[in-house]
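[1] attaching a predicted model along with its sequence, questions to come.
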Amino acid sequence: MAIRYLKTYAALEGHLGAEDAEGLLTWLRSKPRPTVHLGRCESLHTALLQTLLAFAPAVKAPPADPWLCQALGLSPIPTSPGSAA
(Lines give C-alpha, C1' and ligand atoms only; values in the text may rest on other atoms or scores of the structure.)
Protein backbone atom coordinates (compact mmCIF):
# COMPACT_ATOMS: atom_id res chain seq x y z
CA MET A 1 0.00 0.00 0.00
CA ALA A 2 1.31 3.46 0.79
CA ILE A 3 0.89 6.60 2.81
CA ARG A 4 -2.39 8.50 2.64
CA TYR A 5 -2.02 12.16 3.57
CA LEU A 6 -5.30 13.22 5.11
CA LYS A 7 -6.46 16.51 6.56
CA THR A 8 -5.37 15.86 10.15
CA TYR A 9 -2.94 12.92 9.90
CA ALA A 10 -0.92 10.64 7.64
CA ALA A 11 -2.05 7.01 7.45
CA LEU A 12 0.78 4.54 6.88
CA GLU A 13 -0.68 1.32 5.51
CA GLY A 14 0.65 -2.05 4.42
CA HIS A 15 4.31 -2.67 3.61
CA LEU A 16 6.14 0.62 3.14
CA GLY A 17 9.47 0.96 1.35
CA ALA A 18 12.30 3.47 1.31
CA GLU A 19 10.66 5.30 -1.61
CA ASP A 20 7.99 6.58 0.82
CA ALA A 21 10.47 8.24 3.20
CA GLU A 22 10.99 11.49 1.31
CA GLY A 23 7.27 12.19 0.99
CA LEU A 24 6.73 11.51 4.69
CA LEU A 25 9.67 13.72 5.61
CA THR A 26 8.29 16.59 3.53
CA TRP A 27 4.82 16.16 5.04
CA LEU A 28 6.14 16.00 8.63
CA ARG A 29 8.15 19.19 8.09
CA SER A 30 5.07 21.00 6.77
CA LYS A 31 2.88 20.34 9.82
CA PRO A 32 3.10 22.21 13.13
CA ARG A 33 1.78 19.15 15.03
CA PRO A 34 2.06 16.12 12.77
CA THR A 35 0.06 13.00 13.59
CA VAL A 36 0.36 9.54 12.08
CA HIS A 37 -1.97 6.53 12.06
CA LEU A 38 -0.05 3.24 12.08
CA GLY A 39 -2.96 0.88 12.76
CA ARG A 40 -2.76 -0.70 9.30
CA CYS A 41 1.04 -0.53 8.96
CA GLU A 42 2.41 -4.05 8.51
CA SER A 43 6.07 -3.20 8.00
CA LEU A 44 8.20 -0.22 7.12
CA HIS A 45 11.69 0.41 5.81
CA THR A 46 14.26 1.63 8.31
CA ALA A 47 14.35 4.99 6.48
CA LEU A 48 10.73 5.52 7.53
CA LEU A 49 11.42 4.25 11.04
CA GLN A 50 14.28 6.75 11.40
CA THR A 51 12.09 9.56 10.05
CA LEU A 52 9.36 8.77 12.56
CA LEU A 53 11.90 8.57 15.39
CA ALA A 54 13.49 11.89 14.41
CA PHE A 55 10.21 13.83 14.19
CA ALA A 56 8.30 11.94 16.93
CA PRO A 57 4.83 12.77 15.59
CA ALA A 58 1.75 12.09 17.67
CA VAL A 59 0.41 8.58 17.05
CA LYS A 60 -3.33 8.28 16.44
CA ALA A 61 -3.17 4.44 16.36
CA PRO A 62 -0.15 2.21 17.02
CA PRO A 63 0.88 -0.62 14.69
CA ALA A 64 -0.25 -4.16 15.51
CA ASP A 65 3.34 -5.49 15.36
CA PRO A 66 4.77 -5.56 18.91
CA TRP A 67 8.36 -5.20 17.63
CA LEU A 68 7.46 -2.09 15.65
CA CYS A 69 5.67 -0.64 18.67
CA GLN A 70 8.77 -1.23 20.77
CA ALA A 71 11.07 0.28 18.12
CA LEU A 72 8.90 3.40 18.07
CA GLY A 73 8.65 3.55 21.86
CA LEU A 74 4.90 2.87 21.83
CA SER A 75 2.75 0.61 23.95
CA PRO A 76 1.50 -2.32 21.91
CA ILE A 77 -2.21 -2.79 21.30
CA PRO A 78 -3.56 -4.97 24.11
CA THR A 79 -4.74 -8.38 22.97
CA SER A 80 -7.77 -10.07 24.41
CA PRO A 81 -7.22 -13.19 26.51
CA GLY A 82 -7.04 -16.31 24.41
CA SER A 83 -6.13 -14.51 21.19
CA ALA A 84 -2.94 -15.29 19.32
CA ALA A 85 -0.38 -12.52 19.63
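    Right, received. Where do you want to start?
[2] looking at the chain, which helix or strand is least sure?
    helix 66-72 (a mean of 94; mean pLDDT, DSSP states H and E).
[3] and residue 59, that one's in a helix?
    No - per DSSP: H, G, I helix; E, B strand; the rest coil, residue 59 lies outside any helix segment and is strand.
[4] and it, how far from residue 9?
    Separation of residue 59 from residue 9 (CB to CB, to the nearest Å) stands at 9 Å. All C-beta spots, glycine's among them, are computed from the backbone N, C-alpha and C.
[5] got any ranges where this structure has weak pLDDT?
    1, 77-85 (pLDDT under 70).
[6] 80 - rerun?
    Within the chain, the stretches with pLDDT under 80 are 1, 76-85.
[7] would you map the strands across it?
    3-5, 10-16, 35-44, 58-61 (DSSP state E).
[8] run through who's touching the longest one.
    Counting contacts by CB atoms under 8 Å, 6 or more residues apart in numbering, the residues outside strand 35-44 that touch it are 1, 8-16, 20, 52, 57-65, 68, 72.
[9] show me which positions of it end up buried.
    35-38, 41, 44 (16 or more other CB atoms under 10 Å).
[10] and the angle for that strand with strand 10-16?
    0 degrees (axes from the mean of the first three to the mean of the last three CA atoms, to 10 degrees).
[11] parallel or antiparallel, which strands does strand 35-44 pair with?
    Sheet pairing of strand 35-44 (DSSP bridges) gives strand 10-16 (parallel), strand 58-61 (parallel).
[12] chain center to it: distance?
    Centroid separation for strand 35-44 versus its chain: 4 Å, with CA atoms, centre = their mean, to the nearest Å.
[13] likewise the first one?
    When distances are taken as CA atoms, centre = their mean, strand 3-5 is centred 11 Å away from the chain's centroid.
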